[in-house]
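Peer 1: Return atomic coordinates for the entry below.
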Amino acid sequence: MKRIHLLFLVLPALFLFDRASVSQTERKIELNAQGVLARVDGILKYPPGIVRGAMKHIRPDGTSSFLSFKGLISGEDSLFTFTSNERGDQLKILYNLGGEEIWVYDVPALKLLHKMGIDKYDEILSTNFTYIDLAHVSFQSNYTASMQGPAFIKGADAYKLALHPIAKDGEYGALTMYVTRDRFIPLRIDFLDRDKAIFKFMTIAKVLENDTRTIPVRYDMMNIRQGTVTIMNFTGFDETASFDKKIFRPEKLGE
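Peer 2: Got it, this is the predicted structure:
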């Protein structure tokens, strides 16, 4: 009888030890996934100063439209101005708090809008990029990530991550991200709707590398449902520029 009682005492102890080991392993995996996101955030962060570039939006019938843009970047604040050759300045987008706060000034309509909640996912001037896409808000702060195993994409060994939004009021129900294992460059991001169906994806087609960092200079955003592609190219960087902080106030956008 003593042996029987001893057996019942030992088995629960072993079971608890096994559960603790699994729990520690799961926490380690989650920590690694969030660590990868932190590296991705560092890659995607805009360099300080002035950035310039252009967007080309291609429709299914082959027609296209062009926009040029200029961005002023200073710490957690950035201000983008979008211009068309035909109509001049069209839109000013102000990001505060690392992109968490979004203000939009419609230049032709002389209207200031505060983008909140689902409105952050509105398309920028009928392109495939939304206001939240351009903001490059921190993935690490806004999503919980888990490793889905290794992957091989675009000729590179990559991590495959599943991202689930912490806030549930957005258009993206989840993201799937493929990140290079050596340099933590996000090769592709799949955007899933609330029903967990992929409706668009973004690839980083070109990067610029210097002694201090890697900077993506071409983003391709494909909308699967619409059959459209928006190509965003960065063509110039001036990291010596500095700005008066007043330009990053919403009330200054109409001036």
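
Peer 1: remind me which residues of the stretch 1-150 of the chain are low pLDDT?
Peer 2: Residues of the stretch 1-150 of the chain that meet the criterion pLDDT under 70 lie in 1-31.

Peer 1: And the helices in it, which stretches?
Peer 2: 2-44, 131-135, 139-142 (DSSP state H, counting those that start in this stretch).

Peer 1: Off-centre distance for the second one?
Peer 2: Taking the mean of its C-alpha atoms, helix 131-135 sits 7 Å from the chain's own mean (CA atoms, centre = their mean, to the nearest Å).

Peer 1: Let me see the residues that make contact with whatever helix or strand A162 lives in.
Peer 2: In the assignment (DSSP states H and E), A162 maps to strand 156-165. Here strand 156-165 makes contact (CB atoms under 8 Å, 6 or more residues apart in numbering) with 33, 36-37, 139, 142-152, 172-182, 187. C-beta here means a position set from N, CA and C on the backbone, and glycine is covered the same way.

Peer 1: can you map out the strands along this structure?
Peer 2: Taking DSSP state E, the strands of the chain run over residues 49-58, 64-74, 77-84, 88-96, 101-106, 111-115, 143-153, 156-165, 174-180, 186-192, 198-209, 214-223, 228-238.

Peer 1: any chance of those strands in JSON lines, with mean neighbour count and distance to G254 too?
Peer 2: Output for the strands of the chain, formatted as JSON lines (neighbours: other CB atoms under 10 Å; distance: least, CB to CB, whole Å):
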{"stretch": "strand 49-58", "mean neighbour count": "18", "distance to G254": "21"}
{"stretch": "strand 64-74", "mean neighbour count": "17", "distance to G254": "16"}
{"stretch": "strand 77-84", "mean neighbour count": "19", "distance to G254": "13"}
{"stretch": "strand 88-96", "mean neighbour count": "18", "distance to G254": "9"}
{"stretch": "strand 101-106", "mean neighbour count": "19", "distance to G254": "6"}
{"stretch": "strand 111-115", "mean neighbour count": "15", "distance to G254": "7"}
{"stretch": "strand 143-153", "mean neighbour count": "15", "distance to G254": "34"}
{"stretch": "strand 156-165", "mean neighbour count": "18", "distance to G254": "32"}
{"stretch": "strand 174-180", "mean neighbour count": "21", "distance to G254": "34"}
{"stretch": "strand 186-192", "mean neighbour count": "21", "distance to G254": "32"}
{"stretch": "strand 198-209", "mean neighbour count": "16", "distance to G254": "31"}
{"stretch": "strand 214-223", "mean neighbour count": "18", "distance to G254": "29"}
{"stretch": "strand 228-238", "mean neighbour count": "18", "distance to G254": "25"}
